[in-house]
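# Next come a sequence and a model predicted from it.
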There are 2 protein chains.
Amino acid sequence: MLKELKILFATSNQNKIKEARAILQPLGYSVQQLLIEGAPPDFVEPQTEDIKIISSSKVEQSLEMISGTEFSDFSILVEDSGLFINNLGGFPGVYSSYVQKTIGNDGIIRILEGNNNRQAEYRAYTILYQNGKYFDSLGICSGKISTEIRGSSGFGFDPIFIPDLGDGRTFGEMSQSEKDSKSHRGKSLRILSDELRGPSE
Amino acid sequence: MLKELKILFATSNQNKIKEARAILQPLGYSVQQLLIEGAPPDFVEPQTEDIKIISSSKVEQSLEMISGTEFSDFSILVEDSGLFINNLGGFPGVYSSYVQKTIGNDGIIRILEGNNNRQAEYRAYTILYQNGKYFDSLGICSGKISTEIRGSSGFGFDPIFIPDLGDGRTFGEMSQSEKDSKSHRGKSLRILSDELRGPSE
């Protein structure tokens, strides 16, 4: 049995924390939100459409923030993720949370109305910092944008995202564990866990 | 006659430089692009939906970049602008250039299809740094989103933006000088010029 590893997740998104906990707890990790003076970190995001660059920046900013605090020896997890629609040049991509908040799922469906090319990818790039080492992982979930909003599970674009490796339901119509088994975040965090345990495990 | 004032505009957007030049040259300013080692500054943007905060960050980053260079005594101009659609929670706002590049004008028209509330605002927030002083100005142009793309003048969302103080044509259907006389950028830069000259002028 592995000793439980405590991970501090630097994010203000409670849905991501909930998912990371559900995915990582069975693998022997305890996931807490990183709070500095009671608040999650407020990141400056570099101007880029690359989630890898944003994640790298988030981990560096987190390490700066915890330097000299009680958390300076903890393992830090960061993530950047988004929905990338092929036919829209990757939109909404790194701006997914803003686009979700403004035009929402209805807006995406309107933009794609009558469009047969509905291929999209959910991507999550996670980085874990532990004892001076960085572990990183990209998780991709390929799918299609539905023609209508279906279901209310998950968050974000889940009610309009149909994963390719599924039965035609959207993530919004699946249970949490079903989504986690297929999702970009699930894949990314499981790969990260494998990396952490190393080849001997 | 005022002595010509040379202004370095810190932007990578050639359309903005062209407009700033057309607006400011008749007022006695010469506008050049700020290039450091041949390239425009690559700004880090704070995570915010407020163009004022982004502009403030741009001017601080510019001043850091030119410190110790041949430009350290020059007047520096920065600007952040965007289209804010009332009924879409301000979308695309600070992400206007990304949204223009991905879903484009066609995407905006699709999102608003059948929607009678088409009120929108173009906003530009400019800051000029000169001899240790900051001058700032917000220019707003109210209007409506057209139901179709009309004209090809200007740039960005101009072919779908109908200014309220006009005759129903979009900015895309107007000459440069006509647009500049009504636009957010024109207003903002003219206010800035008034501020620079002070109350005695």
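Everything's here; your move. Numbers count the residues shown, from 1 in each chain, chains lettered A, B, ... in the order given.

# Can you tell me which residues in chain A are near chain B?
Chain A comes close to chain B at residues A:42-47, A:49, A:88-93, A:95, A:98-99, A:101-103, A:107, A:110-111, A:113, as judged by Cβ under 8 Å from any Cβ of the partner chain. C-beta here means a position set from N, CA and C on the backbone, and glycine is covered the same way.

# How about the contacts made by the residue located most distally from the centre of chain A?
Distance from the centre of chain A peaks at residue A:114, with 29.4 Å (Cα atoms, centre = their mean). Counting by Cβ atoms under 8 Å, 6 or more residues apart in numbering or on different chains, residue A:114 touches no other residue.

# So the residue nearest to residue A:130 when sequence neighbours are not counted versus chain B, what's the distance?
Spatial nearest neighbour of residue A:130, excluding adjacent residues (Cβ to Cβ, 6 or more residues apart in numbering or on different chains): residue A:75 at 4.3 Å. Distance of residue A:75 to chain B, computed by Cβ to the nearest Cβ, to the nearest Å: 24 Å.

# burial measure for residue A:75, as a count.
As a burial measure, residue A:75 scores 18 neighbours (other Cβ atoms under 10 Å in any protein chain shown).

# give the contact list for it.
Counting by Cβ under 8 Å, 6+ apart, residue A:75 makes contact with A:5-8, A:128-131.

# Quickly note the distance from it to residue A:157.
Shown here: residue A:75 relative to residue A:157, a distance of 29 Å by Cβ to Cβ, to the nearest Å.

# Can you report phi and psi for residue A:80?
Per-residue torsions, residue A:80: phi -130, psi 140 (degrees, to the nearest 10).

# That one pairs with what?
Under DSSP bridges, the beta-bridge partners of residue A:80 are residue A:125.

# Quick check: it touching residue A:58?
Yes. Assessed by Cβ atoms under 8 Å, residue A:80 is found in contact with residue A:58 at 6.6 Å.

# Just the helices from chain A, written as ranges.
With DSSP state H as the criterion, chain A has helices at A:14-24, A:51-66, A:96-102, A:104-111, A:176-182, A:184-197.

# what's the angle from the last one to helix A:14-24?
Angle, helix A:184-197 to helix A:14-24, by axes from the mean of the first three to the mean of the last three Cα atoms, to 10 degrees: 50 degrees.

# now helix A:184-197, how far from the centre of its chain.
Helix A:184-197 has its C-alpha centroid displaced from the chain centroid by 12 Å (Cα atoms, centre = their mean, to the nearest Å).

# residues near the residue nearest to residue A:72 when sequence neighbours are not counted, how many?
Excluding the flanking residues, the one nearest residue A:72 by Cβ to Cβ, 6+ apart is residue A:66, at 5.3 Å. For residue A:66, the count of nearby residues is 20 (other Cβ under 10 Å).

# does residue A:66 really touch residue A:36, like I thought?
Yes. Using Cβ under 8 Å, residue A:66 is in contact with residue A:36, at 7.0 Å.

# Tell me which strands the least confident helix or strand in chain A by mean pLDDT pairs with, and in which orientation.
Least confident element among the helices and strands of chain A, by mean pLDDT, DSSP states H and E: strand A:44-46 (a mean of 84). Note on strand A:44-46: by DSSP bridges, its sheet partners are strand B:44-46 (antiparallel).

# Show me what counts as buried in the partner strand.
Of the residues in strand B:44-46, B:45-46 count as buried by neighbour count, 16 or more other Cβ atoms under 10 Å in any protein chain shown.

# what distance separates it from the centre of its chain?
Counting by Cα atoms, centre = their mean, strand B:44-46 is centred 17 Å from the centre of its parent chain.

# what stretches of chain A score poorly on pLDDT?
Low-confidence segments of chain A (pLDDT under 70): A:1-3, A:199-201.

# how many neighbours does residue A:168 have?
Residues lying near residue A:168 (other Cβ under 10 Å) number 10.

# same check, this time on the one 3 residues further on
One way to gauge burial is a neighbour count; for residue A:171, by other Cβ under 10 Å, it gives 28.

# that older thread, filter the contacts of residue A:75 down to just the buried residues.
Using 16+ other Cβ under 10 Å as the burial test, the contacts of residue A:75 include A:5, A:7-8, A:128-129 as buried.

# still on that earlier bit, buried among the residues of chain A next to chain B? Need that as a selection in ChimeraX.
To isolate the buried ones among the residues of chain A next to chain B in ChimeraX, judged by 16+ other Cβ under 10 Å, type:
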select /A:43,45,46,49,88,90,91,92,93,95,98,99,102,103,107,110,111
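
# For residue A:166, which non-adjacent residue is closest in space?
Nearest non-adjacent residue to residue A:166 (Cβ to Cβ, 6+ apart): residue A:182, at 6.4 Å.

# show me what contacts the one you found?
Going by Cβ under 8 Å, 6+ apart, the list of residues near residue A:182 reads A:141, A:163, A:165-166, A:171.

# I'd like these written out as a markdown table, with distance to residue A:153 added.
Putting those into a markdown table (distance: Cβ to Cβ, whole Å) gives the following:
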| residue | distance to residue A:153 |
| --- | --- |
| A:141 | 15 |
| A:163 | 13 |
| A:165 | 17 |
| A:166 | 13 |
| A:171 | 7 |
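
# Considering those residues, which possesses the most neighbours?
Neighbour counts for the contacts of residue A:182 peak at residue A:171, which has 28 neighbours (criterion: other Cβ under 10 Å).

# you'd agree that residue is up against residue A:153?
Yes. Here residue A:171 reaches residue A:153: they are 6.9 Å apart, a contact under Cβ under 8 Å.

# Next, show the common contact partners of these two.
Shared contacts of residue A:171 and residue A:153 (Cβ under 8 Å, 6+ apart): A:159, A:179.

# thinking again about what came up before, with residue A:64 as the reference, measure out to the residue nearest to residue A:166.
Distance, residue A:182 to residue A:64, using Cβ to Cβ: 35 Å.

# now residue A:49
In this structure, residue A:49 and residue A:64 are 24 Å apart, going by Cβ to Cβ.

# now residue A:40
The spacing between residue A:40 and residue A:64, counted by Cβ to Cβ, is 15 Å.

# okay, the two: which has more neighbours?
Between residue A:40 and residue A:64, counted using other Cβ under 10 Å, residue A:40 has the larger neighbour count: 16 against 10.

# residues near the residue nearest to that one when sequence neighbours are not counted, how many?
Excluding the flanking residues, the one nearest residue A:40 by Cβ to Cβ, 6+ apart is residue A:12, at 4.0 Å. Per other Cβ under 10 Å, the neighbour tally for residue A:12 reads 16.
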